[in-house]
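In: predicted structure and sequence below. I'll ask about it afterward.
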Amino acid sequence: MTLAGGRIAAIDRVDRTEPADVTLAGKALLPGTVNAHCHTFQSLLRGLGDDLDFAGWRDRVLYPFSERLDRGAIALGASFAFAEMLRHGATTCVDFFYLQDEGNENAEAVIEAARAVGIRLVLARGMYDWEGAPKRYREPVADAARRTRELIAAHRDDETAVVQPAPHSPHGASAAMIRAGWELAEAEDTRFHIHVAEGRYEGERTLQEHGATPIRYLDRLGVLGPRMLGVHCVWLDDEEIELMGARRAALAYCPSSNMFLGDGITRIPELRKAGVRIGLGTDGGCTNNRLSVFEEMRMTSLLQRVRVLDGAALDAATAFELGTRSGAEILGLDAGVIAPGRLADLVAVDLDDASLHPRTDLLKSVVYAMSDRAVTDVWVHGRRVVESGRLVTVDERRLLARVRELTQGWCAPPAVAGPKCEPQGRPGAAAPRPEASETKGLRLPRRDDEPWST
Ligand SMILES: [Zn+2]
């Protein structure tokens with residue numbers, strides 16, 4: 001295989017190797033996996049809100065802790081998440097990003113982190129105006145549209161980062177905001193992302209407030225179409241599934257996150273049958289809590305089996321396709337397939353790994369059995385970013401040390417099962433930032449010698 005200009009130039013047999021060639025004896029080369037939905041800063045909150053329902057997680061962990069992250073911490077969280085994803089064989093990540101602070105500087109810090117760590121990024125630029133959310137998420141419609149347009153333009157010629165609009169959801173964004181996101185996608189010829197029907201309450205609320213359930217509401221707004229990536233889509237009725245397919249809309253499906261938060265089960269076979277195009281996402285690192293698309297392939301298949309009580313509900317080849325080619329396609333990327341002309345985003349796995357034994361059917365083993373430990377090498381845009389199981393772009397030990405330093409003393413809010421928060425901390429433990437006054441009920445810091453999770 002020859003790589004050139006970030007793409008696969010040719011796939012051919014070679015009789016002789018050149019000194020610069022890489023040989024992969026005992027390994028299999030796979031297309032890099034595509035993480036179609038994530039919130040990278042949430043990796044810093046991992047372990048804080050486990051075992052809560054959605055509202056508890058959002059109000060007691062997500063909102064208060066996301067207030068603590070300055071731009072440096074946002075960049076650190078992104079680097080931390082990107083590094084973990086690459087090690088797990090994800091070569092593209094959608095970061096649905098909404099800590100805007102009324103500007104684009106934070107989003108630029110995430111884009112820079114992706115470049116430095118070496119992952120392909122789709123920055124889904126959040127557009128949020130629900131007044132219940134923290135102020136730093138929110139913007140007036142005109143400002144959000146202008147800033148998103150500027151960010152798209154600033155990265156139009158970027159080889160490994162692309163910006164797409166992302167009105168938050170039917171409950172997090174007004175009708176005007178959702179329309180503005182769709183109009184931008186039309187004008188700039190991009191896809192757009194929106195959370196849809198993650199929890200059962202959303203359908204009832206959208207029906208009450210707008211007189212229609214979420215997919216019907218989006219259709220009425222005129223935004224349901226091939227540019228739309230609906231995230232989750234758990235609570236759709238039969239007609240909404242048909243409507244989504246008829247309009248050629250796409251789905252970013254996050255099975256582990258849906259299980260973790262107790263959301264419900266998206267009806268994947270029905271959506272596929274209706275013609276909905278589907279990719280797989282991990283969602284944020286604190287609602288999963290892993291960052292592996294291979295894991296999501298496995299969960300996609302297992303969860304549908306248990307829903308329809310049929311071991312043949314969704315096979316390995318389909319799950320693999322959703323996590324690679326289909327995920328790339330819904331994002332408008334030329335990736336997810338090993339073929340001449342496609343982007344050179346590749347993953348090598350060690351066929352000697354125990355999890356890939358016995359050597360019966362490699363594809364099935366990759367989906368159902370493979371340990372992430374088997375991922376040895378990763379290329380993004382032709383650049384080797386993981387070599388023999390080690391990141392070559394950043395010092396992972398230093399990165400983790402910075403994560404520990406930042407999160408020292410953070411602990412789960414009271415009433416959460418798990419680590420106890422002690423009022424006295426280790427000498428030198430980081431003091432809470434002033435914003436911690438908004439984190440009512442939190443006791444800081446945690447004793448460092450206590451287990452972080454149960
Ligand atoms: Zn999300």
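Out: Alright, I've got the coordinates.

In: can you list the low-confidence ranges for the stretch 301-450 of the chain?
Out: Of all residues in the stretch 301-450 of the chain, those with pLDDT under 70 make up the ranges 414-450.

In: and if we set it to 90?
Out: 411-450 (pLDDT under 90).

In: OK, contacts around Gly389?
Out: Gly389 is in contact with 87, 373, 375-376, counting by CB atoms under 8 Å, 6 or more residues apart in numbering. C-beta: built from backbone N, CA, C; applies to glycine.

In: secondary structure and distance to Tyr253 added to these, as a markdown table?
Out: A markdown table is the format used below for these (DSSP: H, G, I helix; E, B strand; the rest coil; distance: CB to CB, whole Å):
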| residue | secondary structure | distance to Tyr253 |
| --- | --- | --- |
| Arg87 | helix | 23 |
| Arg373 | helix | 25 |
| Val375 | strand | 22 |
| Thr376 | strand | 28 |
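
In: buried residues in stretch 130-140, which are they?
Out: 133-134, 136-139 (16 or more other CB atoms under 10 Å).

In: over to stretch 148-164?
Out: Neighbour-count burial for stretch 148-164 [16+ other CB under 10 Å]: 148-149, 151-152, 155, 160-164.

In: all strands of the stretch 101-250 of the chain, in order?
Out: For the stretch 101-250 of the chain, the strands defined by DSSP state E, counting those that start in this stretch cover 120-127, 161-167, 192-196, 228-232, 250-253.

In: oh sorry, the question was meant for the stretch 351-454 of the chain
Out: 375-380, 383-387, 390-391.

In: point out the most buried one among these.
Out: strand 375-380 (a mean of 24; mean count of other CB atoms under 10 Å).

In: kindly calculate the angle that it makes with strand 120-127.
Out: 70 degrees (axes from the mean of the first three to the mean of the last three CA atoms, to 10 degrees).

In: show me what strand 375-380 is in contact with.
Out: Residues outside strand 375-380 that contact it (CB under 8 Å, 6+ apart): 3, 22, 24, 27, 32, 86-89, 91, 118-120, 160, 344-350, 384-389.

In: can you do 6 Å?
Out: Identification of contacts with strand 375-380 by CB atoms under 6 Å, 6 or more residues apart in numbering yields 86, 89, 91, 118-120, 344-350, 385-389.

In: same question, stretch 189-207
Out: 54, 96, 124, 164-167, 169-171, 181-182, 185, 213-214, 217, 227, 229-236, 263, 332.

In: just give me the neighbour total for Leu309.
Out: By other CB atoms under 10 Å, the residues close to Leu309 number 7.

In: and it, backbone torsions?
Out: Here is the backbone geometry of Leu309 (degrees, to the nearest 10): phi 60, psi 50.

In: which of the contacts of strand 375-380 count as buried?
Out: 86, 89, 91, 118-120, 344-350, 385-386.

In: okay, among those residues, which ones form the most distant pair?
Out: Arg120 and Asp350 (23.1 Å; CB to CB).

In: before we move on, the earlier item: from the contacts of stretch 189-207, which would you call buried?
Out: By 16+ other CB under 10 Å, the contacts of stretch 189-207 give 54, 96, 124, 164-167, 169-171, 181-182, 185, 213-214, 217, 227, 229-236, 263 as buried.

In: where do the helices of the stretch 1-150 of the chain begin and end?
Out: 54-57, 63-66, 71-87, 105-117, 141-154 (DSSP state H, counting those that start in this stretch).

In: could you measure from Arg220 over to Met370?
Out: 44 Å (CB to CB, to the nearest Å).

In: which one of the two has more residues nearby?
Out: Met370 (24 against 13).

In: that'll do, ta.
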